[in-house]
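1. any chance you could fold what I've pasted below:
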Amino acid sequence: MTDSTKQSDIKHVWHLVDLKGKTLGRVSSEIAKLLMGKAKPYFVRNIDCGDYVVVINAKDVVVTGKKEEQKKYYRYSGYPGGLHAETLGALRKRKPFEVVNHAVKGMLPQNKLRDKMLKRLFVFAGEEHSYKDKFKASV
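-> Now for the predicted structure:
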């Protein structure tokens with residue numbers, strides 16, 4: 001008989017992902033899989049069983065084609081005339097971590113667990129991050 005996964009069975013592991021020279025879409029889907037915990041043998045969709053992910057070098061992520069000038073990000077203030085459009089290149093200069101957050105958010109399931117999964121995603125524009133003690137030292 002198969003046992004169902006309980007919250008006490010879940011182990012959250014820390015992963016470090018370096019984006020230098022990697023394509024945004026391809027690496028975002030891998031990050032989403034880690035946040036969901038899809039590779040774990042005890043994965044179930046109704047429990048948050050994903051891992052913590054620390055992403056570094058978000059400013060060095062690569063996009064293909066003309067996306068740097070043509071891809072637009074929209075936000076709305078809620079006021080009349082408050083729709084703002086911004087290209088990928090401009091957003092990358094202003095907030096490089098927001099590009100990765102937006103891509104990963106779109107690849108997670110649109111349910112009540114998505115916000116919990118995104119709280120375990122930590123994106124940094126450069127090499128330095130504050131979670132060095134979470135990773136085991138490799139010999």
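
2. for this protein, what spans make up the helices?
-> Secondary structure of the chain (DSSP state H): helices located at 24-36, 67-70, 88-94, 96-107, 114-118.

3. who are the packing partners of the third one?
-> Packing contacts for helix 88-94, counted by 3 or more C-beta pairs under 8 Å, 6 or more residues apart in numbering; DSSP states H and E, involve helix 67-70, strand 72-76, helix 96-107. (C-beta placed from N, C-alpha, C; glycine too.)

4. if you set the cut-off to 6 Å instead, what comes out?
-> Contact here means 3 or more C-beta pairs under 6 Å, 6 or more residues apart in numbering; DSSP states H and E; on that basis helix 88-94 packs against helix 67-70.

5. tell me how far the helix it packs on lies from the chain's centre.
-> 21 Å (C-alpha atoms, centre = their mean, to the nearest Å).

6. could I get the average pLDDT for it?
-> Averaged across helix 67-70, the pLDDT comes to 96.

7. cool, and stretch 35-49?
-> Here the average pLDDT along stretch 35-49 is 93.

8. can you pull up the most central residue in this structure?
-> In the chain, the residue lying closest to the centroid (C-alpha atoms, centre = their mean) is Val104, at 4.1 Å.

9. these two touch, right, Val13 and Gly50?
-> No - in this structure, Val13 is not within contact of Gly50 by C-beta atoms under 6 Å, at 9.5 Å.

10. quick one, which of these two is more surrounded?
-> Set side by side, Val13 and Gly50 show more neighbours around Gly50, with 26 against 14, by other C-beta atoms under 10 Å.
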